[in-house]
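> Fold the following.
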Amino acid sequence: MRGYRFFASIALAALIASLTYVPARAAGAQGVSAKAILVGVQVSLTGPASTVGQGFKAGTQMAVDEINAHGGINGRHIDVVYEDDAGTAEGGISAVRRLMDQDKVFAIFGGGTSTSTASVIPLIQQSKFLYYDSLASDPRVLQNYSPYVFSGMTVVRADVAAYAAKVLGQTFKAHTVGFLSSDEAFCTTVLPFMIPRLADQGIRVVLQEKFKSGDTDFTAQASAIKSANPDAMYLCGLPADGGRLLPQLKRAGITSKLLGDTVFGDTVVPKLAGSAADGFYALWINSEQFMGEKTGPMGDWKTRFAKAFPNPPPNTPNSFSLAGYADFYVFAEGLRRAGPDPTQDKMIDGLEHVRNWTAGKDAYFTWAVPVGLPRTFRNGDHKGNRECVLIVVRNGDYSRVENFGT
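Numbers count the residues shown, from 1 in each chain. Sure thing, here's the model as predicted:
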C-alpha cells in the first residue's frame with residue numbers, strides 16, 4: 001500500500017504539472033547573451049540523496065571551470081545556476097520551474113534522482129525545453145520519446161534488470177532470489193523488469209522486503225531474509241543505505257550471495273560498510289576504471305578533483321561526481337555543435353550527432369580527463385550509455401569480475 005501511495009503521488013504531481021503549466025519563457029534563445037550562456041542544473045542537494053547531489057554538483061562544477069579556463073564554448077563563458085530538488089517528486093517540478101521561469105536558463109542539466117526526475121518529464125515534454133538527464137534511470141524518463149530529453153551516464157532499468165538477472169542466474173547459479181529495496185523510484189521500477197527474466201531461468205522469487213531511504217535499523221528485514229534463506233539477494237538503495245545495510249546483514253548471519261544495483265557500485269558503500277562489504281557484488285556503469293584506482297585517467301581525475309576542492313563535500317569524489325563531470329562535457333559538446341548562434345533545436349541536432357564520444361579523446365576538449373564511458377545519441381534514440389559490468393569488493397575496493405558469462 002505504501003508503494004501504491006508513493007507512485008500515486010508522483011503520478012498526480014506529474015499530471016497536475018502537465019495540465020496546468022504554461023511555459024513563461026520568451027521566444028528565442030533565452031539564457032544566451034553576447035558573452036555567456038546560462039545553464040540550469042537540477043540536483044538533489046538536500047534530503048536522503050544529498051550525497052548523490054553534492055557529488056554530482058562538484059563533478060559538474062569541475063567540468064564547467066575547466067571549460068571556462070579554456071575559453072568557454074564558441075567564445076561564450078558558461079554560467080551555471082543550481083536548483084535543489086531535495087530528492088522528491090514535488091521538489092523536482094519546483095526546481096525545473098524555477099530554472100525555466102525565474103532563472104531563465106538556456107537548457108537544463110539534470111542530476112536529480114529517479115524520484116525527482118520522473119515527475120518533471122511531462123513538464124519538459126509539454127514545454128519543449130531541452131533536458132539532459134545524467135543520473136535518473138526510471139523508465140518513465142524515456143518511455144515516451146521526446147526530442148528534448150536525453151539520458152547520459154545512467155542505464156535504463158530494463159537493461160539493468162537483464163544484466164542483473166544474468167548475474168543471478170549464470171554467475172551466482174541461484175535457484176531462489178530475494179529482493180531488498182528502498183522506496184526510491186529507481187529501485188521500485190527495476191523489479192517488474194527483473195522478475196519475468198528470473199522466471200525465464202527457472203529462478204523463484206521468495207522474498208520482497210522494503211525499507212525507506214535513510215533508515216538505520218534493518219533488524220526486521222534481516223530476520224525475514226534469514227528465514228527465507230534465498231540463494232541470492234538483490235539489494236537496491238542509495239549508497240549510504242548500502243553502507244548501513246551490509247554490516248547489519250553480516251551480523252545477522254546472512255549467507256546469501258549479495259548483488260547490489262548500479263548505485264551500490266559507488267565507493268561510499270565499502271567506505272561506510274568496512275569489512276562487511278568484502279565479497280559484495282554490484283553493477284558499474286560509470287567509467288572504464290573504478291573509483292579506487294590510482295593510475296591512468298582515474299588517478300589523473302582524482303588528483304584534479306583534490307586540487308579543485310581542497311575541502312570537498314563528505315564522501316566525494318564519488319561515482320556521481322564522475323557522472324557530472326563526464327556528462328557535462330557531453331552536454332557542452334552538443335552546445336559547441338550548436339554553433340555561434342545557439343538554439344535548443346541546434347543543440348538537439350548537435351547531440352544527435354554525438355557518436356561513441358568521450359571528452360579528452362575528442363579533437364576539441366583535449367584537456368579533459370577521459371574518465372567517462374562513450375556516449376552515443378541518434379534521432380529517435382536518446383539513450384547515451386548501455387554499458388554495465390559486474391564488480392566485487394575485495395580488500396575494501398571494487399574490482400572487475402573478469403570473464404563474466406563464460
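
> how about low-confidence regions in the stretch 301-406 of the chain?
402-406 (pLDDT under 70).

> ok, which stretches of it are helices?
Listed from the start of the chain, the stretch 301-406 of the chain has helices (DSSP state H, counting those that start in this stretch) covering 319-337, 344-351.

> Tell me which of those helices is the most buried.
Ranked by average neighbour count under the criterion mean count of other Cβ atoms under 10 Å, the helices of the stretch 301-406 of the chain are headed by helix 319-337 at a mean of 27. The way it works is simple: take the backbone N, C-alpha and C, and place the C-beta from them, glycine included.

> now for that one, which elements pack on it?
Other elements packing on helix 319-337 under the criterion 3 or more Cβ pairs under 8 Å, 6 or more residues apart in numbering; DSSP states H and E are helix 50-69, strand 107-111, strand 131-133, helix 296-308, helix 344-351.

> let's see it at 7 Å
Judged by 3 or more Cβ pairs under 7 Å, 6 or more residues apart in numbering; DSSP states H and E, the packing partners of helix 319-337 are helix 50-69, strand 107-111, helix 344-351.

> hang on, the earlier thing: tell me which of the helices of the stretch 301-406 of the chain sits nearest to R97.
Of all these, helix 344-351 sits nearest to R97, with 17.2 Å by Cβ to Cβ.

> May I see the helices of the stretch 301-406 of the chain organised as JSON lines, with distance to N311 added?
What follows is the helices of the stretch 301-406 of the chain, written out as JSON lines (distance: least, Cβ to Cβ, whole Å):
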{"stretch": "helix 319-337", "distance to N311": "15"}
{"stretch": "helix 344-351", "distance to N311": "34"}
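
> and Q30, which of the ones you listed is closest to it?
Between Q30 and the helices of the stretch 301-406 of the chain, the shortest gap by Cβ to Cβ is with helix 344-351, which sits at 9.3 Å.

> Would you mind measuring from the closest residue to A185 other than its chain neighbours to T262?
Excluding the flanking residues, the one nearest A185 by Cβ to Cβ, 6 or more residues apart in numbering is S114, at 3.9 Å. Here S114 is placed at a distance of 11 Å from T262 (Cβ to Cβ, to the nearest Å).

> try F106
According to Cβ to Cβ, F106 and T262 sit 30 Å apart.

> Equivalent analysis for E333, please.
In this structure, E333 and T262 are 24 Å apart, going by Cβ to Cβ.

> State the pLDDT value of F6.
F6 carries a pLDDT score of 41 in this model.

> Packing partners of the helix or strand where K250 lies?
In the assignment (DSSP states H and E), K250 maps to helix 239-251. Under the contact criterion of 3+ Cβ pairs under 7 Å, 6+ apart, the helices and strands touching helix 239-251 comprise helix 268-273.

> Following element in sequence after the helix it packs on, please.
strand 281-284.

> Pull up the pairing partners for that following strand, direction included.
Paired with strand 281-284 in the same sheet, following DSSP bridges, are strand 257-260 (parallel), strand 389-394 (antiparallel).

> Kindly compare burial across those strands and name the winner.
Compared across the strands paired with strand 281-284, strand 257-260 shows the largest average neighbour count, a mean of 24 (mean count of other Cβ under 10 Å).

> List of residues touching that one?
Contact partners of strand 257-260, identified using Cβ atoms under 7 Å, 6 or more residues apart in numbering, comprise 164, 167-168, 172, 231-235, 242, 269, 280-282.

> per-residue pLDDT, T255?
Looking at T255, the pLDDT reads 95.

> give me the element it is part of.
With elements delineated by DSSP H and E, T255 resides in a region that no helix or strand encompasses.

> could you measure it against L168, distance?
Relative to L168, T255 is positioned 16 Å away (Cβ to Cβ).

> Same drill for these two, tell me which one is more crowded.
The neighbour comparison of T255 against L168 (other Cβ atoms under 10 Å) goes to L168, with 27 against 12.

> show me what contacts the more buried one?
Contacts were defined as Cβ under 7 Å, 6+ apart; by that measure L168 touches A174, V177, L198, I203, A232, Y234, L259.

> Need the pLDDT of the closest residue to it other than its chain neighbours.
Spatially, and ignoring its direct neighbours in sequence, L168 is nearest to A174 (4.9 Å; Cβ to Cβ, 6+ apart). A174 is assigned a pLDDT of 97 by the prediction.

> ok, now how distant is A174 from N385?
27 Å.

> can you check S213 too?
When distances are taken as Cβ to Cβ, S213 and N385 turn out to be 24 Å apart.

> Tell me which of the two has more neighbours.
For S213 and N385, the more surrounded residue by other Cβ under 10 Å is N385, and the numbers stand at 24 against 19.

> doesn't V155 make contact with the more buried one?
Yes: with contacts defined as Cβ atoms under 7 Å, N385 counts as touching V155 at a distance of 5.9 Å.

> low pLDDT regions in this protein?
Low-confidence regions of the chain, defined here as pLDDT under 70, cover residues 1-28, 402-406.

> Just give me the residue closest to the centre of it.
L135 (2.2 Å; Cα atoms, centre = their mean).

> Find the helix or strand that that residue is a member of.
Following DSSP H and E, there is no helix or strand that holds L135.

> Same question for K226.
Secondary-structure assignment from DSSP H and E places K226 in helix 219-228.

> Can you spell out which helices and strands pack onto the next helix or strand after that helix?
Per DSSP H and E, helix 219-228 leads on to strand 232-236 as the next helix or strand towards the C-terminus. Secondary-structure packing of strand 232-236 (3+ Cβ pairs under 7 Å, 6+ apart): strand 176-182, strand 257-260.

> wait, which of those is closest to S223?
Checking the helices and strands packed on strand 232-236 against S223 by Cβ to Cβ gives strand 176-182 as the closest, at 12.0 Å.

> So which elements touch that closest one?
Contact here means 3+ Cβ pairs under 7 Å, 6+ apart; on that basis strand 176-182 packs against helix 191-200, strand 204-211, helix 219-228, strand 232-236.

> want to try TSV for the ones you listed, with mean neighbour count and distance to A34 as columns?
Written out in TSV, the entries for these read as follows (neighbours: other Cβ atoms under 10 Å; distance: least, Cβ to Cβ, whole Å):
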stretch	mean neighbour count	distance to A34
helix 191-200	16	48
strand 204-211	17	52
helix 219-228	15	57
strand 232-236	25	47
